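**Student:** give me a model of this one.
(one chain, ligands or ions: 1)
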Amino acid sequence: MTSTREPSRPREERPAGPRVAFLGPEGTFASEAARLAAPDAARDALSSIGEILDAVRAETADLGVVPLENSIEGSVNLTLDELAFGEPGAMIRGEVTLPVTMNLLTRPGSQLSDIKAVRSQPHALAQCREWLETHLPAAQHDASTSTAEAAREAAESDGAVAALGTQLAAELYGLGVLARDVHDYPGNTTRFVLLSRSMHPATGADKTSLVVFFGEDRPGLLLRILEEFALRGINLTKIESRPTKQQLGEYCIFIDCAGHVSDARVGEALRSVHRHVANLRVLGSYPRADAVRETPPVTDTETAYEDARQWYEGLLSQVGEARGGSIDGGFAGGAGERRDG
Ligand SMILES: O=C(O)C(=O)C[C@]1(C(=O)O)C=C[C@@H](O)C=C1
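**Tutor:** Numbers count the residues shown, from 1 in each chain. Predicted coordinates:
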């Protein structure tokens, strides 16, 4: 993705101390995720996912917080595309899962019967589709850049515009909460990822995200790739395909797996995947939000890989010249080949 966005502030002009960039303004779900991820960092509320990645790439922010997937509406495609096709330099360094409670926010005094339009970020509108059809069937749905931006717009309206957003946004922009929990399924949760210029060191409870580009259509290629993980007892936590945008029917596959790039078994799996498809991008290794430590099978522990490595090194050390000069005679040129002319 080539960017036509305004360049971020140069690094030299940056005030000291860690900075976190997130989808603003204050009062978005992303702002809450940023507070959880980096409670002490200075905050930059930006107005698009692309700007957040650019800020991390340009090092005007140390950390960026972007939504990746939601339990009701699925992946945030813009984030996936930026990570897969955008300029390199912004890697996933962490993840935060956040319960997402959608509220219908209106100017104080407005009733449901006053509402002619509902504004929000498109992913938020999608999470409340059925509720809106049932309770506000005639209202039009308008896209805003974020839930808090929608709240700000509702606050400036004549009272006929509602927003879907956080309780905090209601407080910040002087709105009332006309209805709570208006998302269509209970337990609504969004997974945010934290971006930085580098990956997180291994913790023992890690995840690795990568994207594999299938240049050619070979039978069994996806199976071969998945097998490399399965053979080493590596659990996959997510797999999803997206179009490459080059031509219809050409896909790339996003894979999240347990483990860290510096784990021997993950390293071996990635090297093997690289033999099948040279075009792959590791998006990052990072501590998993659920802190689950998966125990590898005995054949795939770090010790098992280290033992195997040492054994093989020992084996290679037995390759060499024979003492006392050449004793290889006619065997050196290959089976059955005469060397005497
Ligand atoms: O607009 C916000 O409040 C955001 O943080 C963005 C976003 C998203 O894009 O998914 C994040 C969480 C919710 O799923 C809805 C919207």
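
**Student:** biggest helix in the chain, by residue count?
**Tutor:** In the chain, ranked by residue count with DSSP state H as the criterion, the top helix is helix 302-316.

**Student:** got the domain ranges for this protein?
**Tutor:** For the chain, automatic domain parsing gives the domain ranges 17-100+185-198, 103-179, 200-305.

**Student:** now those domains as CSV including mean pLDDT, distance to Val319 and mean neighbour count?
**Tutor:** All C-beta spots, glycine's among them, are computed from the backbone N, C-alpha and C. Below are the domains of the chain laid out as CSV (pLDDT from 0 to 100; distance: least, Cβ to Cβ, whole Å; neighbours: other Cβ atoms under 10 Å):
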stretch, mean pLDDT, distance to Val319, mean neighbour count
domain 17-100+185-198, 97, 39, 20
domain 103-179, 97, 58, 20
domain 200-305, 95, 22, 16
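
**Student:** make a markdown table out of these and add distance to Ser317.
**Tutor:** Putting these into a markdown table (distance: least, Cβ to Cβ, whole Å) gives the following:
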| stretch | distance to Ser317 |
| --- | --- |
| domain 17-100+185-198 | 36 |
| domain 103-179 | 58 |
| domain 200-305 | 19 |
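
**Student:** dump the ones you listed into CSV; add distance to the ligand as well.
**Tutor:** Listed next are the domains of the chain as CSV, based on distance: least, Cβ to the nearest ligand atom, whole Å:
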stretch, distance to the ligand
domain 17-100+185-198, 3
domain 103-179, 3
domain 200-305, 15
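
**Student:** this protein: helices as residue ranges?
**Tutor:** Under DSSP H, the chain gives helices at 29-37, 49-57, 77-85, 122-127, 129-135, 147-155, 167-173, 221-230, 264-276, 302-316.

**Student:** can you tell which of the ones you listed is closest to Ala21?
**Tutor:** helix 49-57 (4.3 Å; Cβ to Cβ).

**Student:** CA atoms only for that closest one, dumped as PDB, please.
**Tutor:** This file holds the C-alpha atoms of helix 49-57, laid out as PDB (Å, rounded to 0.1, in the frame of the first residue of the first chain):
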ATOM      1  CA  ILE A  49      -5.600   3.300  11.300                       C
ATOM      2  CA  GLY A  50      -3.200   4.200   8.500                       C
ATOM      3  CA  GLU A  51      -2.000   7.300  10.300                       C
ATOM      4  CA  ILE A  52      -1.300   5.200  13.400                       C
ATOM      5  CA  LEU A  53       0.900   2.800  11.400                       C
ATOM      6  CA  ASP A  54       2.700   5.700   9.800                       C
ATOM      7  CA  ALA A  55       3.400   7.200  13.200                       C
ATOM      8  CA  VAL A  56       5.000   3.900  14.300                       C
ATOM      9  CA  ARG A  57       7.000   3.600  11.100                       C
END
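
**Student:** ok, residues contacting that helix?
**Tutor:** With contacts defined as Cβ atoms under 8 Å, 6 or more residues apart in numbering, helix 49-57 is touched by 1, 3, 5, 7-8, 21-23, 44, 46, 61-67, 76, 78-79, 82-83, 86-90, 195-197.

**Student:** next: stretch 242-261.
**Tutor:** 77, 80-81, 84-85, 199, 202-203, 206-214, 222, 225, 229, 234-241, 265-267, 269-270, 282, 285, 288, 292, 294.
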